[in-house]
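Show me how the following folds:
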Amino acid sequence: MFKKFKLPQDDTTNVPFILIVLVSGVLAYTKPDHITIDLFCLLLISIVLDTFHFFLVSKKIEMVIEPVPSKVQKAQQLEVIIKVKNNSFWPTPYLHIFPRDGYRLSLKEKQNYCLFLGSGSVKELALVYEAQLSGKQTVGFEDVFLKDYLGLYRRTITLPDNPKIKVLPEVREGLEVDEFLGAGTEIGYSRGSQNRAKLGGEGEVAEDLTAYKEGDSPKLLHWKIFAQKNQLLVRQRETGKQDGESVLLILSPIGSHIEEEKLRYELQDRSLTASLSLSYQLVAKGHQVAFMYYQKGNWIKASLKYAREIQYLREKLASYEQLESSKDRTYRGALRAFLKGIEKEQGLKIVVAQDIDQAVLYYLDAWRKKPEDIKLLCVGKAINKTSTVDIEAWQVTKDYELKKL
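Model prediction:
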């Protein structure tokens with residue numbers, strides 16, 4: 001349960017105490033009298049007792065993390081309960097605990113702990129995390145070590161497996177896509193008189209069937225899309241319009257060239273939110289949506305027809321990580337696979353990227369056959385549109401509104 005014992009390599013060693021012992025030993029040897037000898041003997045006895053106590057107690061400390069959910073929603077709070085137990089017959093010396101913090105799951109109260117546990121006592125620590133950005137993060141401990149009273153020894157405790165929690169990307173409500181799609185791709189539909197839907201046994205009521213709201217269950221989300229599609233079919237019979245066109249939504253794997261880790265996570269979260277929100281609106285309007293993303297060396301394509309498929313995609317994208325460097329071989333391989341995979345795709349293509357930079361434009365410029373079928377959606381701030389192909393570019397604002405560039 002413990003790592004191999006070693007003397008501390010940092011400032012945890014009590015250097016002043018060691019110097020006092022050495023000086024008292026020299027004095028007891030060079031100028032022996034009852035004061036120096038008694039002092040030196042007292043210090044030696046303290047060291048022996050402290051050492052004996054430290055090694056006797058350090059092997060009897062037990063740490064357990066209570067089970068936690070494997071996934072949470074954004075803005076949701078998560079409580080991680082940690083139990084520390086002293087199984088020895090002696091009280092513990094200093095037990096230092098450093099909780100693990102992060103950008104996706106952030107501690108509400110950031111503090112370190114120093115505990116003293118009596119014989120057989122149990123201490124519970126409650127770490128409260130708040131989900132801020134989508135993605136996977138480890139919660140629990142960063143470091144835990146035991147330090148003796150005199151500061152001579154330190155033993156790092158091997159921790160139990162820290163749980164990894166997925167923060168699901170969200171679907172934003174009210175994303176207006178009519179102007180983004182253009183007049184040629186708009187599909188008319190009517191809400192009709194059925195603007196309320198009760199779900200038996202759930203107690204949920206859909207006041208507005210056109211909007212996704214935070215906290216909607218997958219079943220309620222399914223009924224909202226189902227109701228909109230029924231209304232769409234009625235409208236199509238009245239006007240003679242056909243089903244929605246095919247739309248391929250591509251989540252660009254190229255991350256932004258930003259050194260700060262938090263900003264990279266924020267941009268990735270925005271790109272996931274924009275992609276899923278746009279997919280939800282397109283499905284609700286009757287379009288035939290296919291979603292492509294790059295993960296673990298392969299392009300993955302998912303067809304989205306129902307709400308449960310969007311919910312499933314949210315869970316899959318919670319483990320999504322974008323590529324960081326445009327100079328990496330993985331980057332170039334992803335682009336080649338991307339270009340090869342979409343050669344035969346028909347209909348509108350929407351590329352959701354972090355920035356309109358040379359990395360993204362590399363494969364957009366290579367896609368010269370039908371630039372009118374491509375729309376570029378940017379979630380970042382850097383705008384450097386130097387493409388030799390006239391591609392329609394849009395930007396997602398901070399309030400998740402679509403703005404044409």
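
Does Tyr103 touch Glu260 like I think?
No - between Tyr103 and Glu260 there is no contact under C-beta atoms under 8 Å: 10.1 Å. The C-beta positions use only the backbone N, C-alpha and C, and glycine is treated the same way.

So if I had to pick from these two, which one is more boxed in?
Tyr103 (16 against 8; other C-beta atoms under 10 Å).

Remind me which helix or strand that one belongs to.
For Tyr103, there is no host helix or strand (DSSP states H and E).

any idea how far it lies from Ser134?
11 Å (C-beta to C-beta, to the nearest Å).

rewinding a little: which residues do Tyr103 and Glu260 both contact?
Shared contacts of Tyr103 and Glu260 (C-beta atoms under 8 Å, 6 or more residues apart in numbering): none.

Poorly predicted segments of the stretch 251-400 of the chain, please.
307, 324-337, 339-344, 356-372, 381-390 (pLDDT under 70).

Tell me where the stretch 101-250 of the chain has helices.
Along the stretch 101-250 of the chain, the stretches classed as helices by DSSP state H, counting those that start in this stretch are 178-181, 218-239.

Compare the mean pLDDT across those helices and name the weakest.
Confidence, taken as mean pLDDT, is least for helix 218-239 of these (a mean of 56).

how far does stretch 89-101 stretch from start to finish?
Chord length of stretch 89-101, first to last residue, is 33 Å (C-alpha to C-alpha, to the nearest Å).

what's the answer for stretch 164-176, then?
OK, stretch 164-176 end separation, C-alpha to C-alpha: 35 Å.

Also stretch 111-127?
Chord length of stretch 111-127, first to last residue, is 10 Å (C-alpha to C-alpha).

Next: stretch 338-345.
11 Å.

same thing with stretch 396-405?
10 Å.

Check the burial of the residue nearest to Glu345 when sequence neighbours are not counted by counting its neighbours.
Excluding its sequence neighbours, the residue lying closest to Glu345 (C-beta to C-beta, 6 or more residues apart in numbering) is Leu248, at 5.2 Å. Residues lying near Leu248 (other C-beta under 10 Å) number 20.

Also the one 4 residues further on?
By the other C-beta under 10 Å criterion, the neighbourhood of Ser252 contains 27 residues.

Can you pull the phi and psi angles for it?
Backbone geometry at Ser252, expressed as degrees, to the nearest 10, gives phi -60, psi 130.

I'd assumed Gln354 was in contact with it.
Yes - using C-beta under 8 Å, Ser252 is in contact with Gln354, at 7.1 Å.

so what sits against both of these two?
By C-beta under 8 Å, 6+ apart, the residues touching both Ser252 and Gln354 are 271, 322.

Specify the beta-bridge partners of Val80.
Val80 has these beta-bridge partners by DSSP bridges: Leu127.

Grab the nearest non-local neighbour of Val144.
Leaving aside its sequence neighbours, Val144 sits nearest to Ile157 (C-beta to C-beta, 6+ apart; 4.7 Å).

Next, count neighbours for the one you found.
21.

Could you do the one 5 residues further on as well?
The tally of other residues near Asn162 (other C-beta under 10 Å) stands at 15.

same thing with Ile65?
For Ile65, the count of nearby residues is 19 (other C-beta under 10 Å).

Just list whatever residues bridge to it.
Beta-bridge partners recorded for Ile65 (DSSP bridges): Ile82.

And it, how far from Thr36?
For Ile65, the distance to Thr36 equals 51 Å [C-beta to C-beta].

I'd guess His53 is in a strand, am I close?
No - His53 is assigned helix when assessed by DSSP: H, G, I helix; E, B strand; the rest coil, not a strand.

pLDDT value on it, please?
So His53 comes in at 75 (pLDDT).

Give the other helices and strands that the host helix or strand of Leu276 contacts.
For Leu276, the host element (DSSP H and E) is helix 261-284. In this structure, helix 261-284 packs against strand 135-138, helix 218-239, strand 246-251, strand 288-295, strand 298-304, helix 307-317, strand 348-353, with contacts taken as 3 or more C-beta pairs under 8 Å, 6 or more residues apart in numbering; DSSP states H and E.
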